[in-house]
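Asker: return atomic coordinates for the entry below.
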Amino acid sequence: MFYETQANWVLPPTIRVFAWSHISPDFSARFNCKHKHYKYFLTSHGLDLFLMKSASNYLIGEHDFRNLC
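Answerer: Next up, the predicted model:
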């Protein structure tokens, strides 16, 4: 828990670290990672929720985002 506390101390309040794990020094998040999981929490203030819900349907499933790295 120490690392999360230290990281969150220097990060802005809108970004939080909840967990971490040790990795090999030669690990590459881009080339060795098998799965990535992202969770976003947004407020509805000023957002078109109907439009966002409609657009989110395009993100469901498996996609190749390697070119975005």
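
Asker: grab the nearest non-local neighbour of W20.
Answerer: Of all residues beyond its chain neighbours, the one nearest W20 is Y3 (5.6 Å), with distances taken as C-beta to C-beta, 6 or more residues apart in numbering. Where C-beta positions appear, they are placed from N, C-alpha and C, glycine not excepted.

Asker: give me the number of residues near the one you found?
Answerer: Counted with other C-beta atoms under 10 Å, residues neighbouring Y3 total 11.

Asker: for it, give its distance to F18.
Answerer: Per C-beta to C-beta, to the nearest Å, Y3 is found 11 Å from F18.

Asker: just Y58 next, same as before
Answerer: 27 Å.

Asker: same thing with L47?
Answerer: L47 is 24 Å from F18, by C-beta to C-beta.

Asker: mind checking the SS state of the residue nearest the centre of the chain?
Answerer: Central residue of the chain (C-alpha atoms, centre = their mean): Y38, 3.4 Å from the mean position. Three-state call for Y38 (DSSP: H, G, I helix; E, B strand; the rest coil): coil.

Asker: tell me the pLDDT of it.
Answerer: Per-residue confidence (pLDDT) for Y38: 78.

Asker: how about low-confidence regions in the protein?
Answerer: Along the chain, segments meeting pLDDT under 70 span 1, 69.

Asker: okay, now P25: neighbour count?
Answerer: So P25, with other C-beta under 10 Å, has 4 neighbours.

Asker: how close does it sit to K53?
Answerer: Distance from P25 to K53, by C-beta to C-beta: 42 Å.

Asker: before we move on, what about H37?
Answerer: Distance from H37 to K53, by C-beta to C-beta: 20 Å.

Asker: more neighbours: those two, which one.
Answerer: Set H37 next to K53 and count neighbours by other C-beta under 10 Å: K53 wins out with 9 against 4.

Asker: quickly find the element holding that one.
Answerer: Following DSSP states H and E, one finds K53 within helix 49-56.
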